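> Fold the stuff below for me.
(2 chains)
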There are 2 protein chains.
Amino acid sequence: MAPPSSFLFLLLLTISATPPPIQSTPTFFPKPTNYQSSLLKQLAKSNPNPKLPYKTHYFPQILDHFTFQPQSSKIFYQKYLINSHYWHKNGPIFVYTGNEGDIEWFAANTGFMLDIAPKFNALLVFIEHRFYGQSMPFGKKSYKSAKTLGYLNSQQALADFAVLIRSLKKNYSSEASPVVVFGGSYGGMLAAWFRLKYPHIAIGALASSAPILQFDDITPWSSFYDAVSKDYKDASLNCYEVIKGSWQELEDLSAQKLGLAELSKTFKTCKNLQSVYSVRNWLWEAFVYTSMVNYPTEANFMMPLPAYPVQAMCKIIDGFSTRATKISKVFAAASMYYNYSQTEKCFDLENETDAHGLSGWGWQACTEMVMPMTCSDDSMFPPSSFDYKDFAENCRKKYGVMPRPHWITTEYGGSRIEQVLKRSGSNIIFSNGMQDPWSRGSVLKNISATIIALVTKQGAHHVDFRSATKEDPDWLVQQRRQEEEIIQSWVDEYYRDIKHR
Amino acid sequence: MAPPSSFLFLLLLTISATPPPIQSTPTFFPKPTNYQSSLLKQLAKSNPNPKLPYKTHYFPQILDHFTFQPQSSKIFYQKYLINSHYWHKNGPIFVYTGNEGDIEWFAANTGFMLDIAPKFNALLVFIEHRFYGQSMPFGKKSYKSAKTLGYLNSQQALADFAVLIRSLKKNYSSEASPVVVFGGSYGGMLAAWFRLKYPHIAIGALASSAPILQFDDITPWSSFYDAVSKDYKDASLNCYEVIKGSWQELEDLSAQKLGLAELSKTFKTCKNLQSVYSVRNWLWEAFVYTSMVNYPTEANFMMPLPAYPVQAMCKIIDGFSTRATKISKVFAAASMYYNYSQTEKCFDLENETDAHGLSGWGWQACTEMVMPMTCSDDSMFPPSSFDYKDFAENCRKKYGVMPRPHWITTEYGGSRIEQVLKRSGSNIIFSNGMQDPWSRGSVLKNISATIIALVTKQGAHHVDFRSATKEDPDWLVQQRRQEEEIIQSWVDEYYRDIKHR
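This is a model prediction of the structure:
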């Protein structure tokens, strides 16, 4: 799935589990914002947008589906991509429910849909999420204030998908076509919720790495960072201990006279460091992202990285002589993440550029997408708690609105999900890889015969959505085959149903 | 169910199937508005609000659940009624999902819930629908314009119920209580939709006389008035023919010099008639309402009426000598509806008073609740078609908004409902009586083992919701027992589920 999602998800975690202060209280959106942008810059370099086999369209979409105020007649143009090459009339329609970023990113990183389209004679549709990419209801002013951002939320997004899909089927005079929705990460949450809320429009959903249970206290708040830590601990106990110990070393060094100057040298910064946070968050982010994308093959998802990058990082750390400082070890490990391609001569840790679409997720995290996270004593990160009051106050300061921390579970449910969904709802696949820390907030057990959890021990963040490669291990090939077979069974069932009408 | 609903529903029909012009083009909301109000006045007389066994509460409710604009932080006070007399902690919670009117009306006319509460040890809750009764987000200005009325729609109402129920369970520290929703007419649509959209909050729904299929072209547009006509035809062919012929007689007479004066005499109007529409609509409404409330026992739902009032009306018509004019016959029949209690000396047909809550439904009918209706040649009413353009233009004139005629089916579904709901959703009872013309737009066949249609040949508009009486016929006693048993099975299943957690 596309990087922005993960970026923004990480922003979310960074909000939710701000590393503890070292010199002064950290600001609400501390340095991570910068790394988002620097990451994106490097990404733009490392991932030149491939020629995608999709035609771009724009749909005149209703701004506000749920009020009929004069302004609700306001229309914005929602971008979507179509591939009808493999499609036969009345064949299935596979829709990617876009998440928090440019839809091309998702299309480029969801080769799975393209891989299976020929077998299904499927029409492929990728719908961009409102307020991301080019689907900006208020143009450049879309992120201006709560007055405009107010229309950015998951319920409006789901209604967008419903209206667009219905209109699309009419235009293709293919009302009889079954629709299957696909989504990864936040897009996976949207796909699962879409099947639950709009079963009359989608016959099933494949929700990959969708942490729909990361809300309220359904999932333990420390589980995300514990899962990151487990990836490193499983790779090497020493590696885990070095990282765990490095934060204190960092704090001690920064407390010294000329500490920042020394750190600037150690971390090969292009400019002298202004704050030690930059370093801490630079490391923090490298370790978290690498565990998310701990893929079995060399990949260029968020960064060009080798196969099983967590193991590769730990190899670097374990390779040092015991006398070397922990800081020098973690720097070497993190530079593998930031500079595997060896193109960077220095690291620009404190560069403030616009974080492209990030404020969109920042808004969602401050209104409905409240996912509390903490770092336990067992994690390899400095222990941290989640203070809702601070969080809410910071949201109020930044956006002028207060979060609704329990709204998502009121609107979509989550607690006692097995009992609820085994009695209602059907045809959802929740796929997760246990290497991905987001897996802990998803559905990891079958709920019913038709609400299935596909869990792989070695999988990472929606690895199943990536294009098949020759190097794919058997468990991944097998997982994708299972998904294909289940989707086939939904489609067959649908056609049987309408035949016996 | 409470009168206002039916009134407003009728207003809706009157919009949808405006009787054909006689002298001039009828205005958008022609005379019926008056009858609404005159009906309500008589109702107020005839039905002094009984002492209800409920405590009144007000809940601080979010105005706009689906945007996070500054004004979305606006709160209004939503009225709800509680009876905890029979409740045992963690016992079931029975919630009436209020529809378009004062919640006391619904409570007073849904004695069924009170009748079964002791057996279930249930907590009874009646939630008033936003923008009706006392639950006015903008006080007296709530109906002022689209800017305020914009927040009046079914999706916001369902979210109100979800938020209120969740908060209620918390305050009663009864999170483990199963919730069952009950609703009649539009309230029944809300109950069914609530179970489909919020299965994590309600374990089941009893939707009585809920025409969820009266949208788009799912149900034939002429079915409503054909059903009304069938009630009269079944009572007596002559009765049906007299009524069917009366409209022409009315038109001919009104074309004559002094025709209105003559009509004023025949119809015992308190003031001289200004328009023949008054008469036509006065009759129209009497026939439609009487078929809706063609109850097996004497009742005082919309008017004090005898058992099987349609048959009683036809008896009056059939009792006349063949020489009598059709007009004199239908007048006599209609006066039974308006004046069964013999209290009226004359009829105030053209009195313009505020129609109490009616504009609320008028708004809903002009935005999302677009239910096209026509009168076929076989109906006993003058043939009429449905012109969407005129309808939409009149809505624009009146409210400054255009309808979204396909929004309800996009948001809630409806077409191919059997195929959709047999694969998702469960625990809904659709109860209907075939005497009620609204039954034609509801679910009349079982969809699955848990989505059940209870249909009675002799039942009328949600007769099952009325308090049990000694005179109730066996089929009604039997229907209520079935409903009770099915609800019991949902509750038992729920408790088994949480036990085997």
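> for the stretch 251-400 of chain A, what spans make up the strands?
A:299-300, A:304-305 (DSSP state E, counting those that start in this stretch).
> which helices and strands sit right next to the first one?
What it means is strand A:299-300. Of the remaining helices and strands, none touches strand A:299-300 by 3 or more CB pairs under 8 Å, 6 or more residues apart in numbering or on different chains; DSSP states H and E. C-beta coordinates here come from the backbone N, C-alpha and C atoms, glycine included.
> For it, what is the distance to the chain centroid?
16 Å (CA atoms, centre = their mean, to the nearest Å).
> cool, the last one as well?
With CA atoms, centre = their mean as the basis, strand A:304-305 stands 18 Å off its chain's centre.
> Would you tell me which of the strands of the stretch 251-400 of chain A gets closest to B:A122?
Smallest distance to B:A122 across those (CB to CB): 56.3 Å, for strand A:299-300.
> What segments of the stretch 1-150 of chain A are strands?
Under DSSP E, counting those that start in this stretch, the stretch 1-150 of chain A gives strands at A:55-62, A:75-83, A:93-97, A:123-127.
> Include mean neighbour count, mean pLDDT and distance to A:G425 when you put the ones you listed into CSV, please.
CSV is the format used below for these (neighbours: other CB atoms under 10 Å in any protein chain shown; pLDDT from 0 to 100; distance: least, CB to CB, whole Å):
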stretch, mean neighbour count, mean pLDDT, distance to A:G425
strand A:55-62, 16, 96, 26
strand A:75-83, 20, 96, 26
strand A:93-97, 28, 98, 16
strand A:123-127, 27, 98, 22
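> Which of those strands sits closest to B:Q156?
Here strand A:55-62 is closest among the strands of the stretch 1-150 of chain A (CB to CB), at 15.5 Å.
> Partner strands of that closest one, with direction?
Its sheet considered, strand A:55-62 pairs with strand A:75-83 (antiparallel) by DSSP bridges.
> relative orientation of the partner strand and strand A:93-97 in degrees?
Inter-element angle recorded for strand A:75-83 and strand A:93-97: 130 degrees (by axes from the mean of the first three to the mean of the last three CA atoms, to 10 degrees).
> How confident is the prediction for the nearest residue to A:C366 once chain neighbours are set aside, by pLDDT?
With sequence-adjacent residues excluded and distances taken as CB to CB, 6 or more residues apart in numbering or on different chains, A:C366 is closest to A:C395, at 3.6 Å. Per-residue confidence at A:C395 stands at 90 (pLDDT).
> follow-up on the earlier one: a markdown table for the strands of the stretch 1-150 of chain A, including distance to B:W105?
Listed next are the strands of the stretch 1-150 of chain A as a markdown table, based on distance: least, CB to CB, whole Å:
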| stretch | distance to B:W105 |
| --- | --- |
| strand A:55-62 | 34 |
| strand A:75-83 | 39 |
| strand A:93-97 | 42 |
| strand A:123-127 | 43 |
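> Could you point out which of these sits nearest A:T219?
strand A:93-97 (22.1 Å).
> which strands and helices sit next to that closest one?
Counting contacts by 3+ CB pairs under 8 Å, 6+ apart, strand A:93-97 is packed against helix A:103-108, helix A:111-120, strand A:123-127, helix A:154-171, strand A:179-184, helix A:186-197.
> Quickly, which of those bottoms out on average pLDDT?
Ranked by mean pLDDT, those end with helix A:103-108 at the bottom, a mean of 90.
> how distant is that helix from the center of its chain?
13 Å.
> And for stretch A:305-317?
22 Å.
> pLDDT averaged over it, what's the number?
Stretch A:305-317 comes out at a mean pLDDT of 97.
> CA atoms only for that stretch, dumped as CSV, please.
Coordinates of each C-alpha in stretch A:305-317 appear next as CSV, following Å, rounded to 0.1, in the frame of the first residue of the first chain:
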residue,chain,number,x,y,z
LEU,A,305,15.6,-1.8,1.6
PRO,A,306,17.0,-5.3,1.6
ALA,A,307,14.9,-8.4,2.3
TYR,A,308,14.0,-8.7,6.1
PRO,A,309,15.4,-5.2,6.8
VAL,A,310,15.0,-5.6,10.6
GLN,A,311,17.4,-8.6,10.6
ALA,A,312,19.8,-6.6,8.3
MET,A,313,19.7,-3.7,10.8
CYS,A,314,20.4,-6.0,13.7
LYS,A,315,23.3,-7.6,11.8
ILE,A,316,24.9,-4.1,11.5
ILE,A,317,24.4,-3.5,15.3
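> List of residues touching that stretch?
Here stretch A:305-317 makes contact (CB atoms under 8 Å, 6 or more residues apart in numbering or on different chains) with A:231-232, A:235-236, A:238-239, A:242-243, A:287, A:290-291, A:293-299, A:329-330, A:332-334, A:336-337, A:340, A:435, A:471.
> Low-confidence ranges, the stretch 351-500 of chain A, go.
Residues of the stretch 351-500 of chain A meeting the criterion pLDDT under 70: A:352-359.
> so who does the residue in it positioned nearest to chain B touch?
Closest contact between the stretch 351-500 of chain A and chain B, by CB to the nearest CB, is at A:G413 (2.9 Å). Applying CB under 8 Å, 6+ apart to A:G413 gives the contacts A:L196, A:V420, B:Y198, B:P199, B:H200, B:I201.
> May I see the buried residues of stretch A:115-122?
Using 16 or more other CB atoms under 10 Å in any protein chain shown as the test for burial, stretch A:115-122 gives A:I116, A:A117, A:F120, A:A122.
> Mind listing residues that contact that stretch?
A:83, A:85-88, A:91-94, A:113, A:124, A:467-468, A:480, A:484, A:487-488, A:491.
> do that again at 10 Å, thanks
For stretch A:115-122, contacts defined as CB atoms under 10 Å, 6 or more residues apart in numbering or on different chains pick out A:53, A:83-95, A:113-114, A:123-124, A:177-178, A:180, A:182, A:465-468, A:480-481, A:483-484, A:487-488, A:491.
> Show the buried residues in the residues you listed.
Taking 16+ other CB under 10 Å as the criterion, what is buried in the contacts of stretch A:115-122 is A:83-84, A:86-87, A:90-95, A:113-114, A:123-124, A:177-178, A:180, A:182, A:465-466, A:480, A:483-484, A:487, A:491.
> Residue ranges of each domain in chain A, please.
A:42-216+A:414-499, A:223-339 (automatic domain parsing).
> Minimum distance to A:M369: which of these has it?
Nearest to A:M369, of all the domains of chain A, is domain A:42-216+A:414-499, at 7.8 Å by CB to CB.
> Contact partners for A:F287?
Per CB under 10 Å, 6+ apart, neighbours of A:F287: A:225, A:228-229, A:231-232, A:243, A:246, A:310, A:313, A:330, A:333-334, A:337, A:380-381.
> Which helix runs longest in chain A?
Taking DSSP state H as the criterion, chain A has its longest helix at helix A:474-499.
> okay, stretch A:168-178 in PDB with CA atoms only?
Taking C-alpha atoms only, stretch A:168-178 is exported to PDB below (Å, rounded to 0.1, in the frame of the first residue of the first chain):
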ATOM      1  CA  LEU A 168     -20.200   4.200 -12.200                       C
ATOM      2  CA  LYS A 169     -22.300   1.100 -12.500                       C
ATOM      3  CA  LYS A 170     -25.100   3.200 -14.200                       C
ATOM      4  CA  ASN A 171     -22.700   4.700 -16.700                       C
ATOM      5  CA  TYR A 172     -21.200   1.300 -17.500                       C
ATOM      6  CA  SER A 173     -24.800   0.000 -17.600                       C
ATOM      7  CA  SER A 174     -23.600  -2.800 -15.400                       C
ATOM      8  CA  GLU A 175     -25.900  -2.600 -12.400                       C
ATOM      9  CA  ALA A 176     -25.700  -6.400 -12.100                       C
ATOM     10  CA  SER A 177     -21.900  -6.400 -11.500                       C
ATOM     11  CA  PRO A 178     -20.800  -7.500  -8.100                       C
END
